[in-house]
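Participant: Below is the structure, and that's it, no one-letter string:
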């Protein structure tokens, strides 16, 4: 089939009116009744009519312009599709391995890899080394994520995990384990292939759940510790939680907001626990306190906002 | 043997410089012809047609071609492997075929 634009002698940008005009002129010129002595006229007339039929239909014309259909109105195969000479026909045959994926930038494919008969290689690519014939192959490693509580991670623990195949295993979480720590469970991965092939390992990747009030900073444990106004001003002995259980701690008098008090050796492996004080005012009205404050003249007349004054 | 000229005739509308580039990048494979120049196979002609569709008809950028080709080639690697496996399975006794089917339906295990 010829290009319908060429048949009508119009440019691709021709308007509908120009196409119609060209068609009328050519149809008159090649009409079989007007050319009884020219046998080729009928063929020309037919192709002019066919070209006009395609180009006068806005939708068909647009599809032709986009290359979706050919001049006879037949659908074009999509790129890489089936059909005579189509890529799929070739790519799916065994010799399609000629154009097997080489990955990015691996321009220098090993010529030996281009052997179309090398089905073995094909399988190996799809299933990993395990599909290769020959010697026994170690099984693949198995990855699983293991969620543990904050306290289990800092103190160490033994936890049960269930593998994807249903096996249950005990896993020892070492003291002070961190987020993303990988615990290797030797021999608990996929079984090996072939006689005497060792199984792979299971790799448990730790995900540590945050704790409601403990945080970790290296080997130290941080704790936000609320204290009352009275405790902060007068000092007190209070019970505070640590990762190993509650202990009694002394709050010295005049401990302001944000004061960091250290509990030696109460962190992880020689680290400390650090309590960060937060002064909490009484919740309801305190007439006595208010009365006192009205008549109170502080010793410290300093302005706490002195450093904030606009220049 | 298909020469570069034959190839260009069979895939009209492809600039020769593009084909040279495709061969250099190994998007299109060519063997050295005995008398010099390149020798292509029927399959390479189909490959060239695919490249022309992607680069010229669809106007894909040169930069995305490695990605597109890699994905296409991987897809066909997988399809070839599946076809080969199915053919191999087809040649097995009925009991083996049923066992493999049951294991496959059992969920990836």
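Facilitator: Right, received. Where do you want to start? Every value quoted in this text rests on a predicted model; they were computed, and no experiment measured them.
Participant: ranges for the helices of the chain?
Facilitator: By default, I'm working from chain A. For chain A, the helices defined by DSSP state H occupy A:4-8, A:16-30, A:40-55, A:58-65, A:87-91, A:119-127, A:150-155, A:229-234, A:287-294.
Participant: please go with chain B instead
Facilitator: B:4-10, B:16-25, B:42-52, B:65-90, B:94-105.
Participant: Ranked by average pLDDT, which of the helices of chain A falls at the bottom?
Facilitator: Note on these: helix A:119-127 shows the lowest mean pLDDT, a mean of 57.
Participant: Could you dump the helices of chain A into JSON lines and include mean neighbour count and distance to chain B?
Facilitator: C-betas here are computed from N, CA, C, even on glycine. What follows is the helices of chain A, written out as JSON lines (neighbours: other C-beta atoms under 10 Å in any protein chain shown; distance: least, C-beta to the nearest C-beta, whole Å):
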{"stretch": "helix A:4-8", "mean neighbour count": "20", "distance to chain B": "15"}
{"stretch": "helix A:16-30", "mean neighbour count": "15", "distance to chain B": "24"}
{"stretch": "helix A:40-55", "mean neighbour count": "18", "distance to chain B": "19"}
{"stretch": "helix A:58-65", "mean neighbour count": "14", "distance to chain B": "12"}
{"stretch": "helix A:87-91", "mean neighbour count": "22", "distance to chain B": "4"}
{"stretch": "helix A:119-127", "mean neighbour count": "16", "distance to chain B": "4"}
{"stretch": "helix A:150-155", "mean neighbour count": "19", "distance to chain B": "30"}
{"stretch": "helix A:229-234", "mean neighbour count": "15", "distance to chain B": "60"}
{"stretch": "helix A:287-294", "mean neighbour count": "9", "distance to chain B": "68"}
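Participant: Which of those helices sits closest to residue A:191?
Facilitator: Closest to residue A:191 of these, according to C-beta to C-beta: helix A:119-127, at 14.2 Å.
Participant: what pairs with residue B:32 across the strands?
Facilitator: As for beta bridges, residue B:32 partners with residue B:38 under DSSP bridges.
Participant: Just to check, it is in contact with residue B:23?
Facilitator: No: under the criterion of C-beta atoms under 8 Å, residue B:32 is not in contact with residue B:23, lying 11.0 Å apart.
Participant: which residues pair with residue A:225 across the strands?
Facilitator: The partner residues for residue A:225, given DSSP bridges, come to residue A:277.
Participant: contacting residues for it?
Facilitator: Contacts for residue A:225 (C-beta atoms under 8 Å, 6 or more residues apart in numbering or on different chains) come out as A:238, A:240, A:261, A:275-278.
Participant: switch to 6 Å and redo it
Facilitator: A:240, A:275, A:277 (C-beta atoms under 6 Å, 6 or more residues apart in numbering or on different chains).
Participant: Look up how far residue A:213 lies from it.
Facilitator: Separation of residue A:225 from residue A:213 (C-beta to C-beta, to the nearest Å): 9 Å.
Participant: Residue A:157 too?
Facilitator: Distance of residue A:157 to residue A:213, given as C-beta to C-beta: 19 Å.
Participant: So these two - more neighbours on which side?
Facilitator: residue A:157 (16 against 13; other C-beta atoms under 10 Å in any protein chain shown).
Participant: Now do the same contact list for the more buried one.
Facilitator: Applying C-beta under 6 Å, 6+ apart, we find residue A:157 in contact with residue A:173.
Participant: Give the bridge partners for it, please.
Facilitator: residue A:173.
Participant: mind checking pLDDT for it?
Facilitator: At residue A:157, the model reports a pLDDT of 92.
Participant: Quick check: the residue of chain B most remote from its centre vs residue B:101, distance?
Facilitator: Ranked by distance from the centre of chain B (C-alpha atoms, centre = their mean), the top residue is residue B:95, with 35.2 Å. Residue B:95 is 11 Å from residue B:101, where distance means C-beta to C-beta.
Participant: try residue A:170
Facilitator: Taken as C-beta to C-beta, the span from residue A:170 to residue B:101 is 36 Å.
Participant: Could you check how far the residue located most distally from the centre of chain A is from chain B?
Facilitator: Distance from the C-alpha centroid of chain A peaks at residue A:37, with 73.7 Å (C-alpha atoms, centre = their mean). Residue A:37 sits 36 Å away from chain B, going by C-beta to the nearest C-beta, to the nearest Å.
Participant: again, but for residue A:92
Facilitator: Residue A:92 sits 5 Å away from chain B, taking C-beta to the nearest C-beta as the criterion.
Participant: thinking residue A:203 is in contact with residue A:140, fair?
Facilitator: No: here residue A:203 lies out of contact with residue A:140, judged by C-beta atoms under 6 Å, at a distance of 10.7 Å.
Participant: how does chain B divide into domains?
Facilitator: B:1-60, B:61-109 (automatic domain parsing).
Participant: So which of the ones you listed is the most surrounded?
Facilitator: Highest mean neighbour count among these (mean count of other C-beta atoms under 10 Å in any protein chain shown): domain B:1-60, with a mean of 16.
Participant: how about the residue farthest from the centre of chain A, phi and psi?
Facilitator: For residue A:37, the backbone dihedrals (degrees, to the nearest 10) come out as phi -90, psi 0.
Participant: So for stretch B:15-32, first residue to last residue, what's the gap.
Facilitator: Terminal residues of stretch B:15-32 lie 20 Å apart, using C-alpha to C-alpha, to the nearest Å.
Participant: Give me the contacts around it.
Facilitator: By C-beta under 6 Å, 6+ apart, stretch B:15-32 touches A:107, B:38-40, B:47-48, B:51, B:69.
Participant: Would you check which pair of these lies furthest apart?
Facilitator: Every pair of these checked by C-beta to C-beta; the farthest is B:39 and B:69, at 21.5 Å.
Participant: measure the nearest residue to residue A:22 once chain neighbours are set aside to residue A:18 for me?
Facilitator: In space, and not counting its chain neighbours, residue A:22 is closest to residue A:8: 4.5 Å by C-beta to C-beta, 6 or more residues apart in numbering or on different chains. Using C-beta to C-beta, one obtains 9 Å as the distance from residue A:8 to residue A:18.
Participant: Help me confirm that residue A:169 comes into contact with residue A:161.
Facilitator: Yes: between residue A:169 and residue A:161 there is a contact under C-beta under 6 Å: 5.4 Å.
Participant: Looking at these two, which has the bigger crowd around it?
Facilitator: More crowded of residue A:169 and residue A:161, by other C-beta under 10 Å: residue A:161, with 18 against 14.
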